[in-house]
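**Student:** whatever this is, show me its structure:
(chains A and B)
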Protein chains: 2
Amino acid sequence: MNGSANINGRANVEQALARLNFKPRELEPGHVWLAGAGPGDPGSLTLEVLAALGQCDALVYDALVSPDVVAVAQGAELFYAGKRGGKPSMKQDDITALLVKLARDGRRVVRLKGGDPYIFGRGGEEALALAREGIPFRVLSGLTSGLSALAATGIPATMRGINKAVILATGHAAGTDDDIDWAALARTGQPIVVYMGMANLPLIAAALLEGGLAPSTPVAVIVSATTPQERILVATLTTIAEEAAAAGLASPALIVVGGIVAMRAALAGEA
Amino acid sequence: MNGSANINGRANVEQALARLNFKPRELEPGHVWLAGAGPGDPGSLTLEVLAALGQCDALVYDALVSPDVVAVAQGAELFYAGKRGGKPSMKQDDITALLVKLARDGRRVVRLKGGDPYIFGRGGEEALALAREGIPFRVLSGLTSGLSALAATGIPATMRGINKAVILATGHAAGTDDDIDWAALARTGQPIVVYMGMANLPLIAAALLEGGLAPSTPVAVIVSATTPQERILVATLTTIAEEAAAAGLASPALIVVGGIVAMRAALAGEA
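**Tutor:** Residues are numbered from 1 along each chain as shown, chains lettered A, B, ... in the order given. Okay, here's the model as predicted:
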């Protein structure tokens, strides 16, 4: 794509917006909107989230939100709630306390997360805390990477003839007492998309094999989808842990297990 | 919200767009972009999909796409691929043949679906047909209603302490030889979001009970979320089929099964 295409593209999107019957809701003082920024690239933002960023005077954002998106909230006070440079991230209690305080101070607050606030984003906890304090809030959904990053890399989350369901799961508690029943997930025969599972990939792969998935089941690891740092590794359930380690793949990454991964050979050749 | 808030909201979103470092890709002649419009309201569109609508000269769209969104593709030739007024919808083969023909004619083609093209939208089939014909295509994800309509009605798809996975499933084949293993889904203990399941709600509820879910498991039926026609019914796995029939709830609707439904009591009181 050349420079003039970019410029024309901008003109096109501005004209398209002008033609759209979209009436943004007002973000009122003392309200908090929990918003999802999607997988990372600015084009994945929804109009509702863009409108929210244009109205807020306080923005509390996470590590996975891109600087380009944060920059939209020009003039808003910025609060970084993510992990940076080895320093511990803000504790969840401190984040919710901050949201409550900002709302009580009459600020127009946006709480922005990567992906979708209600998909493994702890948005439910924040919403519950706000509800308990009587603070008005809304949730503005974002594209969750477990579906959109797959699509962008040539893997359809559902495919006629392959699956009639897809399971989104978190792998962060794998191997602990609080773990999910991976064998039961395996026995559904449906594809599984694992968020936050890289640290536990060997455990998860072993548990799925024990649950009865075939050793030859295709598995993909997707790192930094839709960005210049994108890396994708496809292997099988028996080889993926070793190959991912050898390739030096690390978090944040998605793990996709099941027949849909094989579609990538046909569908990854994007325009 | 009053008129001046609307006007200010428009100004805000236009200013926000001006501040965003978003370089839309060019939709080239002979290319097809499979795009998702999300759950219905214009604010759910992503910027990338908006930019696509601003560039296409041929738009092939479905029944669940709102007229406000179609209107953005001003000047494009419109092809309606959905069901209307009792007439049968276009057959899938005819839709893919149309996409191929438009691309071969050098058109800039957008294929727009409600929700997300790769979540039970047959987008995978269309992508595969395009790939086999050597036609360049991209997939632009949209918000899938199974996650965003839940959020809008006060149900978080995941909630710490309740679930570590969520299952998205289609109910359209329930009771046929081609059916999904509902009992296996039930035995995961994870919430299940069922698309296209209303016609088979009694069968699905019975199969989940047989799979071991407690009779008291909360179930919600969500009709036309985020629109003025929105209706929500909450009952239990034993009562939902009868209550939904008594209330006259019909497709298109989502069925949500599991503990996350109970969060609605606390989280539905939106701003």
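**Student:** for the rest of this, base every contact and every neighbour count on C-alpha atoms.
**Tutor:** Noted.
**Student:** what's the strand or helix carrying residue A:168 packed up against?
**Tutor:** Using DSSP states H and E, residue A:168 maps to strand A:165-170. With contacts taken as 3 or more C-alpha pairs under 8 Å, 6 or more residues apart in numbering or on different chains; DSSP states H and E, strand A:165-170 sits against strand A:192-195, strand B:165-170.
**Student:** can you list contacts of the next helix or strand after that strand?
**Tutor:** Remark: after strand A:165-170, the chain's next helix or strand is helix A:182-187, criterion DSSP H and E. The contact list for helix A:182-187 (C-alpha atoms under 8 Å, 6 or more residues apart in numbering or on different chains) reads A:167, A:192, A:204, A:207-213, B:184-185, B:187-188.
**Student:** mean confidence score for helix A:182-187?
**Tutor:** Averaged over helix A:182-187, pLDDT sits at 97.
**Student:** next: stretch A:247-259.
**Tutor:** For stretch A:247-259, mean pLDDT is 95.
**Student:** start to end distance for that stretch?
**Tutor:** End-to-end distance for stretch A:247-259, by C-alpha to C-alpha, to the nearest Å: 23 Å.
**Student:** stretch A:199-219 too?
**Tutor:** From its first residue to its last, stretch A:199-219 covers 16 Å (C-alpha to C-alpha).
**Student:** next one: it, is it in contact with chain B?
**Tutor:** No. Using C-alpha under 8 Å from any C-alpha of the partner chain, stretch A:199-219 stays clear of chain B, with a minimum separation of 11.7 Å.
**Student:** which of the residues in that stretch are buried?
**Tutor:** A:199, A:201-209, A:211, A:213, A:217-219 (16 or more other C-alpha atoms under 10 Å in any protein chain shown).
**Student:** if we can go back for a sec, distance to residue A:28 added to the helices and strands packed on strand A:165-170, as a markdown table?
**Tutor:** Formatted as a markdown table, the helices and strands packed on strand A:165-170 follow (distance: least, C-alpha to C-alpha, whole Å):
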| stretch | distance to residue A:28 |
| --- | --- |
| strand A:192-195 | 34 |
| strand B:165-170 | 33 |
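**Student:** need those in CSV (columns: mean pLDDT and mean neighbour count).
**Tutor:** Shown next, in CSV, are the helices and strands packed on strand A:165-170 (pLDDT from 0 to 100; neighbours: other C-alpha atoms under 10 Å in any protein chain shown):
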stretch, mean pLDDT, mean neighbour count
strand A:192-195, 98, 25
strand B:165-170, 98, 24
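**Student:** quick one: closest of those strands to residue A:45.
**Tutor:** In terms of C-alpha to C-alpha, the element of those nearest to residue A:45 is strand A:192-195, at 20.3 Å.
**Student:** sheet partners, orientation included, of that closest one?
**Tutor:** Applying DSSP bridges, strand A:192-195 is found paired with strand A:165-170 (parallel), strand A:253-257 (antiparallel).
**Student:** so after the last one, what's the next helix or strand?
**Tutor:** In the C-terminal direction, the helix or strand that comes right after strand A:253-257 (DSSP H and E) is helix A:264-267.
**Student:** contacts for that next one next, please.
**Tutor:** By C-alpha under 8 Å, 6+ apart, the residues outside helix A:264-267 that reach it are A:153-155, B:127-128, B:131.
**Student:** apply 6 Å and report the result again.
**Tutor:** Outside of helix A:264-267, the residues within contact range by C-alpha atoms under 6 Å, 6 or more residues apart in numbering or on different chains are A:154-155.
**Student:** check which residues of that helix are buried.
**Tutor:** A:264, A:267.
**Student:** could you dump that helix to PDB, C-alpha only?
**Tutor:** The C-alpha coordinates for helix A:264-267 follow below in PDB (Å, rounded to 0.1, in the frame of the first residue of the first chain):
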ATOM      1  CA  ARG A 264      -4.700 -22.300   7.900                       C
ATOM      2  CA  ALA A 265      -2.900 -24.000   5.100                       C
ATOM      3  CA  ALA A 266      -5.700 -23.000   2.800                       C
ATOM      4  CA  LEU A 267      -6.900 -19.700   4.300                       C
END
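**Student:** check the model's average confidence along that helix for me.
**Tutor:** Here the average pLDDT along helix A:264-267 is 93.
**Student:** where do the helices of the stretch 1-150 of chain A begin and end?
**Tutor:** A:3-19, A:47-55, A:67-70, A:92-104, A:123-132, A:145-152 (DSSP state H, counting those that start in this stretch).
**Student:** send me the shortest one as PDB with only the CA atoms.
**Tutor:** Okay, so that is helix A:67-70. Output in PDB follows, covering the C-alpha atoms of helix A:67-70 (Å, rounded to 0.1, in the frame of the first residue of the first chain):
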ATOM      1  CA  PRO A  67       0.100   3.900  22.500                       C
ATOM      2  CA  ASP A  68      -1.700   4.900  19.300                       C
ATOM      3  CA  VAL A  69      -5.000   4.200  21.100                       C
ATOM      4  CA  VAL A  70      -4.100   5.800  24.300                       C
END
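**Student:** buried sites along that helix?
**Tutor:** For helix A:67-70, by 16+ other C-alpha under 10 Å, it's A:69-70.
**Student:** burial measure for residue A:238, as a count.
**Tutor:** 18 (other C-alpha atoms under 10 Å in any protein chain shown).
**Student:** mind checking the SS state of the residue lying closest to it once chain neighbours are set aside?
**Tutor:** Closest residue to residue A:238 in three dimensions, ignoring its sequence neighbours and counting by C-alpha to C-alpha, 6 or more residues apart in numbering or on different chains: residue A:215, at 5.4 Å. Secondary structure of residue A:215, reduced to three states by DSSP: H, G, I helix; E, B strand; the rest coil: coil.
**Student:** got the angle between the helix or strand hosting residue A:204 and strand A:253-257?
**Tutor:** According to DSSP H and E, residue A:204 maps onto helix A:201-210. Per axes from the mean of the first three to the mean of the last three C-alpha atoms, to 10 degrees, the angle that helix A:201-210 makes with strand A:253-257 is 10 degrees.
**Student:** closest to chain B among the buried residues of stretch A:199-219?
**Tutor:** Among the buried residues of stretch A:199-219, residue A:211 lies closest to chain B (C-alpha to the nearest C-alpha), at 11.7 Å.
**Student:** quick check: residue A:36 touching residue A:110?
**Tutor:** No. Between residue A:36 and residue A:110 there is no contact under C-alpha atoms under 6 Å: 10.0 Å.
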